[in-house]
Structures are given as C-alpha cells and as structure tokens.
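Asks: Kindly generate the corresponding structure for this input.
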Amino acid sequence: RLSVGRLGPFIHFSAIIAAQVSQLRSVFPRLASSPKLQIQAMSAAAAAGVSATTGSPLGGALLAMELTGLFFFVHWIPTALYSAIAGYLLGARLLRLDELAYFHTSVHLSLRSNELGTVVLVVILGGVCGVAGACGVKLALRVSRFIRRLTTRWHHKPLRIAAFVAVVCAVHNLVDEGLGDLFSSSQRVAVISLFESKTLPLPFLCSPSSTGGVVCLTGMALIKLLLTVVSVMLPIPAGVFMPVFVSGALLGRMYGELAAVLVGPTKWLDPRVYAVIGSAALTVGVLHTVSIAVVILELIGSHSHGLGPWLVLSCLVSY
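Replies: Next up is the predicted model:
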C-alpha cells in the first residue's frame, strides 16, 4: 500500500487517448492537421477523466480549464462541459457514481453561525493549509531530485529499482499498521471517518485527552504528508489528489479539535466541519487550482449543508 491516488493517472490516460485519436488522419483529418484542436481535444479528455473518476462533471470541466489554462480558450467551455457530462454518465452507468456522494457527510455550517468567529477560523485554516501545501511541494522537489539521481544511477539495473520500491512499500505498510484504522483502512474510509465520526480511532499510544488527540492528529497529518511525498516521487504511476485530500482532512480535524479546546464547547464549532474545509484548502495549496473547491462540493454532496461559502473562502486564502 502506498499514499497515491488515481485521479492523476486517469487524467493522463484520457489525454493519451485524445492525443492518439488526434493522429488518425484518415478518420479525423481536420483534427490531425490542427494543433489548436488537438489541445482542445486533450482538455476535453481531461475533463472527462476527472468526471468519470470522481463523479464531478462541473468541477471536472473547471479543473480541465485550469490545468490547460495557458492554452485554454473561453469558447472551449461547452466542449469541456459536454465531455465531463459524458464521462459522468459513463461513470454513473458502470460505477453508480450517482447513487451516493463519494465522501458522504452530514455536517452543517450555517452562514448565521457566529459569522465573525467562523470567518477568522476559516481564514486562519486557509493560510495554514496554503503554507503547508507550499512546504510540501518544496519537499517533494527535493525528494524528487534525490530519487531521480538514484534511479538514474540504476538505469540499467531494474531489479534494484524494483527492490527500492518494494522496501518503501514495506516501510509504508508498517507505518500504516502502527497508526491504526485511519491509516490502515482505505483512504476513502479514512476521509469519511474524519468527516463523520465525533470520536476518532486514534493509535493506542495517543492520550485519550483532548490535548493528546490534537498532538496525535498533528503528528499523523505530518506523517501522511511525508508518506505522500515519498510515494508520489517513486518511479511508478501515481496521483496526488487523494493522499493530499486525506492529509488536509487530518490537518483540518486537528485544527478543529484545537479550536474546540481553546474556545470551549459551543454549538457553532464542530471539528468535523474543519476537516472538510481543511481537505479542500490543502489540496488547493498543493495543486494551486481553485476549482478544487467545486470538485469537493460535488464529492461531498453538500449543496444544502451551508459549506460552500466557507470552502471557497478557505480555498482562496490557501491559493
């Protein structure tokens, strides 16, 4: 088991298919002779890949626009939306993406819930996630340089590269088993637990007190981010969205628990809400794409939970 996701590889697969189809001159002569149309086709394919993987058609189209922003033209939006909807319908047919939100949550945060206190907490969380995301990217660059030097030296020795990946997997699994259910279970189950459970399954070494839980969640968020950096830098296909999402949920839940300890028990402060907001903000801080807020709103199905404005605010601060 490694801290990797599938969204990145699926987008890559979709773009590869679009690039190969664009070379079929006998079938699509206009597409094959126009670099501009080929970029449009790859952008639409990326939107379909996001939508089919996550069940997020609108967010998929917006994310495709941001990913190809240097080349994207505004009049390509209908094509991206059409492809995203087609990908979603295919996913709904084969994977039943329309039956349940991918990250179901019942938490609620009203705009009238202590507006000033909530704004301050959300803005601070967005800033923390932005800094954490930037530090994670810089760490990933350094780890990438080290692993690249190592694998270049072993270029003609694939068994050594395979052994290196196997050792990293073994260490990763040992860490997962030692840190309890939030690490040993699937990443989706861990996120839902952070979003839904009032009492988390923390490792047995953690203190049962509120302060001990905050310290434990802080360490777990840092360990998850470190494992993610090492995992995605290995010479294997790997996506970064899901593990960063989990790291953000851990960081946000820690932040919410800490705020609950400092502020005291109040009706308007639910640590689970900040797990949702933190997952979005850290993902934006790492990927530097604001459309992630829309993707996550569709993933959690929270159109009626009042989280939209707070998610967008934290993502903007993190960006």
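
Asks: from the middle of its chain, how far away would the helix or strand hosting Ser51 be?
Replies: Element membership for Ser51 (DSSP states H and E) is helix 35-54. Using Cα atoms, centre = their mean, to the nearest Å, the mean C-alpha position of helix 35-54 is found 19 Å from that of the whole chain.

Asks: what about that helix, average pLDDT?
Replies: For helix 35-54, mean pLDDT is 82.

Asks: Which strands and helices lie in contact with it?
Replies: The contact analysis (3 or more Cβ pairs under 8 Å, 6 or more residues apart in numbering; DSSP states H and E) places helix 35-54 against helix 7-21, helix 29-32, helix 57-67, helix 77-95, helix 292-300. C-betas here are computed from N, CA, C, even on glycine.

Asks: what angle sits between the last one and helix 7-21?
Replies: Put simply, helix 292-300 runs at 110 degrees to helix 7-21, going by axes from the mean of the first three to the mean of the last three Cα atoms, to 10 degrees.

Asks: tell me what helix 292-300 is packed against?
Replies: Packed against helix 292-300 by the contact rule (3+ Cβ pairs under 8 Å, 6+ apart) you find helix 35-54, helix 57-67, helix 271-287, helix 308-318.

Asks: TSV please, covering those helices and showing distance to His172 and mean neighbour count.
Replies: As requested, the helices and strands packed on helix 292-300 are exported to TSV (distance: least, Cβ to Cβ, whole Å; neighbours: other Cβ atoms under 10 Å):
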stretch	distance to His172	mean neighbour count
helix 35-54	23	24
helix 57-67	28	24
helix 271-287	19	29
helix 308-318	27	22
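
Asks: what would these look like in CSV with distance to Gly180?
Replies: What follows is these, written out as CSV (distance: least, Cβ to Cβ, whole Å):
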stretch, distance to Gly180
helix 35-54, 27
helix 57-67, 31
helix 271-287, 17
helix 308-318, 27
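
Asks: Now render the helices and strands packed on helix 35-54 as a markdown table, adding mean pLDDT and distance to Gly256.
Replies: As requested, the helices and strands packed on helix 35-54 are exported to a markdown table (pLDDT from 0 to 100; distance: least, Cβ to Cβ, whole Å):
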| stretch | mean pLDDT | distance to Gly256 |
| --- | --- | --- |
| helix 7-21 | 85 | 26 |
| helix 29-32 | 84 | 49 |
| helix 57-67 | 77 | 24 |
| helix 77-95 | 77 | 31 |
| helix 292-300 | 80 | 16 |
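
Asks: in the protein, which residue is closest to the centre?
Replies: Nearest to the mean C-alpha position of the chain, by Cα atoms, centre = their mean, lies Phe241 at 3.1 Å.

Asks: From Val286, how far off is that residue?
Replies: 9 Å (Cβ to Cβ, to the nearest Å).

Asks: Equivalent analysis for Leu194, please.
Replies: Leu194 is 18 Å from Val286, by Cβ to Cβ.

Asks: Local confidence estimate at the residue nearest to the centre of the chain?
Replies: Phe241 is assigned 84 on the pLDDT scale.

Asks: buried residues in stretch 182-197?
Replies: Neighbour counts over stretch 182-197 (16 or more other Cβ atoms under 10 Å) mark 182-184, 187, 190-195 as buried.

Asks: In the stretch 101-250 of the chain, where is pLDDT below threshold?
Replies: Per-residue confidence for the stretch 101-250 of the chain (pLDDT under 70) gives these ranges: 101-114, 205, 207-210.

Asks: What distance separates the opening and closing residues of stretch 286-293?
Replies: This stretch, stretch 286-293, spans 13 Å end to end (Cα to Cα, to the nearest Å).

Asks: How is the nearest residue to Val286 once chain neighbours are set aside assigned, secondary-structure-wise?
Replies: Closest residue to Val286 apart from its sequence neighbours, by Cβ to Cβ, 6 or more residues apart in numbering: Gly133 at 4.2 Å. Look at Gly133: counting by DSSP: H, G, I helix; E, B strand; the rest coil, its state is helix.
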